[in-house]
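# Give me coordinates for this.
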Amino acid sequence: IPISLLVSLEMVRVFQAVFIDNDEKMHYVDKSLNVDTYAVAKTSNLNEELGQIKYVFSDKTGTLTRNIMEFKKCSIAGVVYDADHQILEKHMANKEVRDFLVLMSICHTVVPEKGEDGKIHYNASSPDEKALVEGAAEYKYTFVSKTSNSVTIRNHLNKQETFEVLAIIEFTSTRKRMSIVVRTPEGQIKVYIKGADNVILERIGKTASHNEHQENTGNHLDDFAREGLRTLCLGVSDISEEAFKDWSKKWKQATTSLVDREQEIENVANLIEGDLRLIGATAIEDKLQENVPETIEKLLEADIHVWMLTGDKQITAENIAKSCRLHKDGTELVDVSDDVPTKVRSKITDRLEKLKKNGKVGQNNEITLIIDGKSLTHAMEEDIRNDFIRLCTSCKAVICCRVSPLQKAEVVELVSKFTKSITLAIGDGANDVAMIQKASVGVGVSGNEGLQAVNSADFAIGQFSYLARLLFVHGAWNYSRISKVVLYSFYKNITLYIIELWFAIYSYWSGQVIYERWTIGMFNILFTSLPPLALGIFDKTCSAETRESNPALYKTSQNSELFNIKKFWLWIGTAIFHSVLLFWVPMLAMSTGVSWSSGHTDGYLILGNTVYSLVVIVTCLKAGLVMDNWTWFSHLSIWGSIALWFIFLVVYSSLWPSLKFVASNMAGLFMLLFNSPVFWSCLLLVPVLVLLTDCTATFVKLKFFPSESDKKRKEEKKNKTLRFDSHQGESGLPLQEQASKVVFNKKNGTTVTIKKETKEGNRWSAKVANSDDEEL
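As a prediction, the model looks like this:
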């Protein structure tokens, strides 16, 4: 591998990262949230992998949604309260309503803060908790203050109540619930708990007083989920003094344990988080970010499999998937979730067998698969996981709901290993870190859940919608550019150095080198260093607008069509072919010998520098031939590199004997070359002969076998020409080609219609207001 290639790649990647960092189209500004952030490339080593993504694994909350929570409605004791049916003063007589509002106002980790206006403002690590506290405040149960052992609220009667905090069992992604043990102002000990419905409902007591409202609450949860709302279940239980004393001893031992502390805490927590009385459920709205449906639609159009991994319940996940166009009405929805492990297995195997019969395994079928966390545990078992992954990879989209962070990471890892594809994981919170680190490329969204995901990711963006531009524009460009830099670097070095082999054959393997030693060293440093940079930094097949509006163009880079074994050996073969012509044609031209009037005759350096000049010209022109986008730097890199060689040749041939360390046999060599008709003949004819095949192949490809990118590039040029012409004249013709005859048609009124005729007979017209009535 040429060392110059490594240097060029590092320089190219740094510039590509700078382009990502400064892309104004990925500059997210939200003044209401005081957000002003650019996209950030935290590493430059994965630039080209952005163009080869096959699977995208996305979190939901904060990634697809805004993570700005708003309390919408709730179900208390089997009754729904919302904007139309609010909790009134008369409802406060119901004990369960009061317990519900107390739970919302004390079971959380929110920190109150008094503003300059005297109002209480809430700071929370989780937007859900802040929304619940603000929701309770709307119903006149206001969280006022907290200390290490107490929580104070203001109730509907505008009286303060202080609850003594006896224990707090915090929320974790594994527990999916939070509990607080308090002593009420009346002296009772109560456990208030909130969490995911599947976790809370299994802890409800069996008596009628405990599960009296379970059926109605369950129906309301489903209704909330169908509206795309985030739901939580709330429960409470009364604890006797004796029971609490026994539990408290175990709790202290668990919290101070030095071995398996988390497991000990979980075991002790289960002792008190049982026999609950269900009091209701909450519903919080978290709206989708802007352009999320359009972005997911583009990803699917680009043959990218999109997986949504979320902790929400299944119905909520389904509705969010529909609203963000991950699952469309015409797409089949396959649900493999079940409480019975054997049924999960049978659903997977039956569905896979059906796809096998139709020969659709491994294809991008119009199927959306959905599975919950409990079923996923069974599906990931050793004997069934391969069938499960084969089924999932045969679907256009997959939805995993009620999954833990560990399960997210396991899914990403399994898909990466099974498919050998380049995967991307995107998330915004700490629970997405494991998933992001397991994927080939990790993308963090700057959100309201801190910077853990961003700090662990390879790239950071402000909104999910920017992912399309990151992949389709920067990813595809970077892949194409890196591919060309690598292939071109091998080509130019093989073209130069394999000529030594041909010269060795001619010189009977004497070991003589055809080139002068300093010119060899300067080949990659000076004379061909800029073309790879021009290819790697500024080249692009299509404009950003075209790539964003045509996601199917991404398939070219996704399928590695620009860099593969076939392409590599094609470039190597081209280099060998070019080297044959570049050596043997000048060799044959000088076969009868060349002499000058001064008495000098040709030698190996005359031949060597002639060949070297041709190599510099041909390799630089070859770079121009494969460029799809010419800029001022492209012209500078190609024509400047060629000019630099000749300047170097003149200067270097004039230094000896003033400088002793330069080659003495190069003295005055440029005069011999420039006075030789053979040299100039080779300089004019050989590059044309060498590149004739390349030009012909390029023409045939563009004319008869154009790729989708070629077609779009032609459309761009055509549209650009039309826009240019439209600026010159409405007829689409330059104004100087139009006839000067102008007819003013007289009208009765204040408006005159002006018509102008072109040579082809086309007309364009315009109305001039408030003109005098006259005809010319």
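
# Now do the contacts for Ile498.
Listed by CB atoms under 8 Å, 6 or more residues apart in numbering, the contact set of Ile498 reads 575-576, 579. To be clear about C-beta, it is placed using only N, CA and C from the backbone, and glycine gets the same treatment.

# Can I get the buried part of those residues as one PyMOL selection?
To isolate the buried members of the contacts of Ile498 in PyMOL, using 16 or more other CB atoms under 10 Å:
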select buried, resi 575+579
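
# Can I get stretch 81-100 in PDB, CA atoms only?
Provided in PDB are the C-alpha atoms of stretch 81-100 (Å, rounded to 0.1, in the frame of the first residue of the first chain):
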ATOM      1  CA  TYR A  81     -60.200  13.000  32.700                       C
ATOM      2  CA  ASP A  82     -59.000  15.300  30.000                       C
ATOM      3  CA  ALA A  83     -59.500  18.900  28.700                       C
ATOM      4  CA  ASP A  84     -63.200  18.200  28.100                       C
ATOM      5  CA  HIS A  85     -63.800  16.300  31.300                       C
ATOM      6  CA  GLN A  86     -61.600  17.900  34.000                       C
ATOM      7  CA  ILE A  87     -61.000  17.000  37.600                       C
ATOM      8  CA  LEU A  88     -63.300  19.400  39.600                       C
ATOM      9  CA  GLU A  89     -63.600  20.200  43.200                       C
ATOM     10  CA  LYS A  90     -66.400  17.600  43.700                       C
ATOM     11  CA  HIS A  91     -64.100  14.900  42.500                       C
ATOM     12  CA  MET A  92     -61.500  15.600  45.200                       C
ATOM     13  CA  ALA A  93     -63.800  13.900  47.700                       C
ATOM     14  CA  ASN A  94     -62.800  10.600  46.000                       C
ATOM     15  CA  LYS A  95     -59.800   9.100  47.900                       C
ATOM     16  CA  GLU A  96     -58.400   7.500  44.800                       C
ATOM     17  CA  VAL A  97     -58.400  10.900  43.000                       C
ATOM     18  CA  ARG A  98     -56.400  12.400  45.900                       C
ATOM     19  CA  ASP A  99     -54.000   9.400  46.000                       C
ATOM     20  CA  PHE A 100     -53.500   9.700  42.200                       C
END
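
# Just checking the distance from it to the centre of its chain.
On the basis of CA atoms, centre = their mean, to the nearest Å, stretch 81-100 sits 46 Å off its chain's mean C-alpha point.

# what's the model's confidence in it, averaged?
Stretch 81-100 comes out with an average pLDDT of 90.

# Ser105: what's its closest spatial neighbour, skipping adjacent residues?
Ala136 (4.2 Å; CB to CB, 6 or more residues apart in numbering).

# just Leu391 next, same as before
Per CB to CB, 6+ apart, closest to Leu391 is Leu352, 4.8 Å.

# still on that earlier bit, ok, the residue nearest to Ser105 to Ser150 distance?
Per CB to CB, to the nearest Å, Ala136 is found 18 Å from Ser150.

# Repeat that for Arg713.
70 Å.

# more crowded one of these two?
Applying other CB atoms under 10 Å to Arg713 and Ser150 shows that Arg713 carries more neighbours, namely 20 against 14.

# residues in contact with the nearest residue to the more buried one once chain neighbours are set aside?
In this structure, Arg713 finds its nearest non-sequential neighbour in Cys542, 5.6 Å apart by CB to CB, 6+ apart. Counting by CB under 8 Å, 6+ apart, Cys542 touches 550, 553, 709, 712-713, 716.
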